[in-house]
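K.L.:
everything below, folded, please.
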Amino acid sequence: MNPQNSPPSSSQENASTSATSSASSGSSDTKSKITQTARDAATKLKTAASSGAARVKEEAERVATEKKDSAAKYVGGYSSAIHTTADSLEGQDPNVAWFTHRAADRVQRVADYMRERDLAGLQQDVEAVARRHPVAFVGGLFLAGLVVGNLIKASTRREDSGSFDVEDLESTSYAGDTMSTAEGAPGAGI
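P.N.:
Numbering: from 1, shown residues only. The predicted model follows:
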């Protein structure tokens, strides 16, 4: 019999089986350790993501609340301005002044409403109005856009005019399209 072709002895089989079982056991231990590490990492990642999302949500709510309060203050300022206008109208036409005071009171109620309601309540109320009166809602948005656009334009003009000095205007003269200064700077006498 050829020793190379001889059937394995039972001691060789036992050694081979125990090595396979040892390798299989080591492999399953490694596999379970990797699986557990992946689960731990996933849990930590989920926790970090949820806490990060909670912080972002809290910050967004804080900023939105500040903007809401700022808008309410702004609307309240309009109410005060309308009351002042109504006061000046009382001597000229008491009926117009009365209606103007009523309009100012309504604007003030809007400002108070904005201060008192939370963001979720405001959103629900706006959605309800939009569902009940869609045409009026879209028209109101259009008018609000016009008002906001005009306010932005007016504030931009005010900022531009605030940076312009009257002395600069007096010392500058214009000839055609070329600007020249009266103090003999380059381009003077053109």
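K.L.:
show me where the chain has its helices.
P.N.:
When assigned using DSSP state H, the helices of the chain occupy the ranges 10-89, 94-116, 119-132, 134-162, 166-170.
K.L.:
now the longest one against helix 119-132, angle please.
P.N.:
Orientation note: helix 10-89 sits at an angle of 70 degrees relative to helix 119-132 (axes from the mean of the first three to the mean of the last three Cα atoms, to 10 degrees).
K.L.:
now, of the helices of the chain, which is deepest in the fold?
P.N.:
Per-stretch averages of neighbours, counted by mean count of other Cβ atoms under 10 Å, single out helix 94-116 among those, with a mean of 15. All C-beta spots, glycine's among them, are computed from the backbone N, C-alpha and C.
K.L.:
quick one: mean pLDDT for that helix?
P.N.:
Predicted confidence along helix 94-116 averages 91 (mean pLDDT).
K.L.:
could you tell me the angle between it and helix 119-132?
P.N.:
Here helix 94-116 runs at an angle of 120 degrees relative to helix 119-132 (the same axes, to 10 degrees).
K.L.:
which strands and helices sit next to helix 94-116?
P.N.:
Based on contacts counted as 3 or more Cβ pairs under 8 Å, 6 or more residues apart in numbering; DSSP states H and E, the elements that helix 94-116 packs against are helix 10-89.
K.L.:
which helices and strands sit right next to the helix it packs on?
P.N.:
Here helix 10-89 touches helix 94-116, helix 119-132, going by 3+ Cβ pairs under 8 Å, 6+ apart.
K.L.:
and the direction of that helix versus that of helix 134-162, what angle?
P.N.:
Here helix 10-89 points in a direction 80 degrees away from that of helix 134-162 (the same axes, to 10 degrees).
K.L.:
residue ranges with poor pLDDT in this protein?
P.N.:
Along the chain, the parts satisfying pLDDT under 70 run over 1-26, 158-190.
K.L.:
quick one on the thing from earlier: how about the helices and strands packed on helix 10-89 in JSON lines, adding distance to Phe142?
P.N.:
Written out in JSON lines, the entries for the helices and strands packed on helix 10-89 read as follows (distance: least, Cβ to Cβ, whole Å):
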{"stretch": "helix 94-116", "distance to Phe142": "18"}
{"stretch": "helix 119-132", "distance to Phe142": "13"}
